[in-house]
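Enquirer: here is my input, please return the structure:
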Amino acid sequence: MFQIMKDALKGQKVSALITITAHPDSTFLGKKFLAWEDGSFYHEQLETEIFSDRLRELCQSLFRKRKTKCIRLSVDQTEVEFFIEIFLPPPHLIIAGAGHVCVPVVQMASLLGFCTTVIDDRPEFARKSRFPLANEVICKSYLDFFRECKLSENTWVLLLTRGHQFDVMSLQELLKREETPAYIGMIGSRRRIAGVFEQIKNEFDETSLDHIYTPVGLDLGAETPAEIAVSIVAEILMVKNKKSGHSISNDIRKLAKLGFRGGESG
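Expert: Residues are numbered from 1 along each chain as shown. Take a look at the predicted model:
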């Protein structure tokens, strides 16, 4: 059962692990189920089938709220308590372009718990030995990959390709999709970015283009590949955590000088 849940999370499926924590019949205690957002359900004991329909309904509400909860319900006039744990898959970072900046980005993203996929159409760059911490390294054309890859609100896309023509074809496929990733970041100079937008502006509305973070990264004065990676990953965290990205000290410096006597404690 735990392997099934592990595989589901790896496949970017939000999962619920349900445990019976109270039941008049002690043989039911500790029995577990799995449920998913699409309504599918898994249990190992036939006698637990009676709980399936009610649990499916209850789990949908918790899936929407992304909330873990202990619940009680009556099944065939029997009071049963369930502990429903919602498990979210790790954020999935897709990096298109396996160049110098991609290497430290994968290292940092791995430390932060991201599931990383590196895609490049050059066999000499798309090698697992080059990205040992990546979950996937795929050698494929950007067009074919973004046309077929799974996207969701938990997907983060980073375009670090070697030329604006690859950015254009990647964005064209991404913006055509019904699914919207949480973030699309694109590296490049102002000239390169202007060239990309010039080619796609007539295909998509301004709202779609506003969703693209470019030039990618926070303004840290980054120059080396590692520094650029820091600025990129910092921006991704800023968007993911819905924060401002400014220095934390800006908010408390004045109060700190006063010893926090202004009524705030931290």
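Enquirer: please make it C-alpha for all contacts and neighbour counts, starting now.
Expert: OK.
Enquirer: elements contacting the longest helix along the chain?
Expert: Across the chain, the helix with the greatest residue count (assigned by DSSP state H) is helix 225-240. Helices and strands touching helix 225-240, by 3 or more Cα pairs under 8 Å, 6 or more residues apart in numbering; DSSP states H and E, are helix 102-111.
Enquirer: cutoff 10 Å now
Expert: For helix 225-240, the contact count by 3 or more Cα pairs under 10 Å, 6 or more residues apart in numbering; DSSP states H and E identifies helix 102-111, strand 155-159, strand 183-186, strand 212-213 as packing neighbours.
Enquirer: which other helices and strands contact the shortest one?
Expert: It refers to strand 212-213. For strand 212-213, the contact count by 3+ Cα pairs under 10 Å, 6+ apart identifies strand 155-159, strand 183-186, helix 225-240 as packing neighbours.
Enquirer: tell me which strands the shortest one pairs with, and in which orientation.
Expert: With DSSP bridges as the test, strand 183-186 is paired with strand 155-159 (parallel), strand 212-213 (parallel).
Enquirer: pull the distance from the last one to the chain's centre.
Expert: The offset between the C-alpha centroid of strand 212-213 and the centroid of the whole chain comes to 16 Å, using Cα atoms, centre = their mean, to the nearest Å.
Enquirer: what's next to it, contact-wise?
Expert: The contact list for strand 212-213 (Cα atoms under 10 Å, 6 or more residues apart in numbering) reads 157-158, 171, 183-187, 232, 235-236.
Enquirer: helix or strand right after the strand or helix carrying Ala16?
Expert: Under the criterion DSSP states H and E, the helix or strand holding Ala16 is strand 15-22. Moving toward the C-terminus from strand 15-22, the next helix or strand (DSSP H and E) is strand 32-36.
Enquirer: flag every buried residue along the lowest-mean-pLDDT helix or strand in the chain.
Expert: Within the chain, confidence by mean pLDDT, DSSP states H and E is lowest for helix 249-257 among all helices and strands, at a mean of 74. Under the neighbour-count criterion of 16 or more other Cα atoms under 10 Å, helix 249-257 has Leu255 buried.
Enquirer: likewise stretch 213-224?
Expert: Using 16+ other Cα under 10 Å, the residues of stretch 213-224 that count as buried are 213-218.
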